[in-house]
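**Q** here is a sequence together with a model predicted from it:
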Amino acid sequence: SGDAASPEEEVIEAALRPKQLDDFIGQDRVREQLSLVLHSALRRGRTPDHVLLSGGPGLGKTTLAMIIAAELGRPLRISSGPAIERAGDLAAILSTLSEGEVLFLDEIHRMARPAEEMLYMAMEDFRVDVVVGKGPGATAIPLDIAPFTLVGATTRAGMLPGPLRDRFGFVAHMDFYGPAELEVIVQRSARLLDVRIDDDAAAEVAGRSRGTPRIANRLLRRVRDFAEVRTGGEVTRDSARAALKLYEVDERGLDRLDRAVLGSLLRKFGGGPVGLSTLAVSVGEEPETVEVVAEPFLVRQGLLARTPRGRIATPAAWAHLGLTAPPTAPL
Ligand code: ADP
């Protein structure tokens, strides 16, 4: 998705990932439900139900998949929907899984159709039909696979076909994190990265992180850089504010993309309603990026609303960008 981690960031993220359910901060309900699913399966000596994690980028889906494998004491195989272009790609993965292995499929809503159908049977019966040959001579050879646990992740649960969604025994919806949870995450990451940060500064970073741990960790590194070079090293509220200003993250946590989307909606479309793809083109982004990365946060902030006729700006959006709503704007 549009807010994916860069390769360098992935190395840092790996170091910051909580390794056990108990270290995973926030998402209390999901954590408790998941803990029950895993521990009851362990008690019965069975592989747990397949798990679907839905939620925006950077909310901890990959982290939870790793934790699931760790809690079960099983290996983890990682792939993603876009990497599975043909049914054969999936068959190659499934046929080499070991007993009880956890298979993490990120962006599962983007898997190719024939692979998706193969996955249905694999999830339900731990069996796949491998088609050999082409045309009238083609034959389907049934192949048993080891019982495994699928952990699917999607930024758009609504995009999943019903038959696929129904095959997950447990569906977890991950929502934005609250400021207090993010503050704990910032403080934990600061400890792991050896960054000195005072409580006010941690709160400042948390409050501008768009409810998202990945962004909290990203902003923490930026305020650290700033403090190292410009001030004595310890991150204080003033140095954090100055750094965030430099990186164009405003007081509500809107970043450049958020403000571009909102600004375009206001300036070019008079506050809307405007369709998603038109809005996306106007800021030079893919519709999916605007929909998945920017909009949920803007909606949550009460700055943008999705209506059947298109996207509209709220009065708060005009105020936030310091613009005056025209008299005809939908209020
Ligand atoms: P996703 O797969 O949903 O895009 P990740 O699992 O890759 O998100 O998480 C992004 C970063 O945020 C990781 O570095 C991870 O350590 C951190 N993170 C996510 N959720 C939490 C959490 N609940 N507690 C602490 N850190 C978290």
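**A** Done, it's in.
**Q** check the gap between the nearest residue to S54 once chain neighbours are set aside and the ligand for me.
**A** Take S54 and drop its neighbours on the chain: the residue closest to it by Cβ to Cβ, 6 or more residues apart in numbering is A157, 3.8 Å away. For the C-beta atoms, the positions are set from N, CA and C on the backbone; glycine is no exception. For A157, the distance to the ligand equals 13 Å [Cβ to the nearest ligand atom, to the nearest Å].
**Q** what's the neighbour count on A157?
**A** When neighbours are defined as other Cβ atoms under 10 Å, A157 has 15 of them.
**Q** ok, it - contacts?
**A** 52, 54, 165, 171, 173 (Cβ atoms under 8 Å, 6 or more residues apart in numbering).
**Q** hmm, A172 and the first one touching each other?
**A** It refers to L52. Yes: in this structure L52 lies within contact range of A172 using Cβ atoms under 8 Å: 7.0 Å.
**Q** neighbour-wise, which of the two wins?
**A** Taking other Cβ under 10 Å, L52 and A172 do not tie; L52 has more neighbours (24 against 21).
**Q** helix or strand right after the helix or strand where E9 lies?
**A** For E9, the host element (DSSP states H and E) is helix 7-16. Proceeding N to C from helix 7-16, the next assigned helix or strand is helix 28-44, under DSSP H and E.
**Q** partners of the helix or strand just after that next one, with directions?
**A** Note on helix 28-44: by DSSP H and E, the next helix or strand toward the C-terminus is strand 51-54. Strands that pair with strand 51-54, judged by DSSP bridges, come out as strand 149-154 (parallel), strand 170-173 (parallel).
**Q** so the first one versus helix 28-44, what angle?
**A** Looking back up the chat, that one is strand 149-154. 160 degrees (axes from the mean of the first three to the mean of the last three Cα atoms, to 10 degrees).
**Q** what comes up buried for the helix holding E9?
**A** 12-13, 16 (16 or more other Cβ atoms under 10 Å).
**Q** of these, which is the nearest to the ligand?
**A** E13 (3.3 Å; Cβ to the nearest ligand atom).
**Q** R110 versus the closest one, what's the distance?
**A** 21 Å (Cβ to Cβ, to the nearest Å).
**Q** same check on P296?
**A** Taking Cβ to Cβ, one finds P296 at 18 Å from R110.
**Q** so those two - more neighbours on which side?
**A** Taking other Cβ under 10 Å, P296 and R110 do not tie; P296 has more neighbours (21 against 18).
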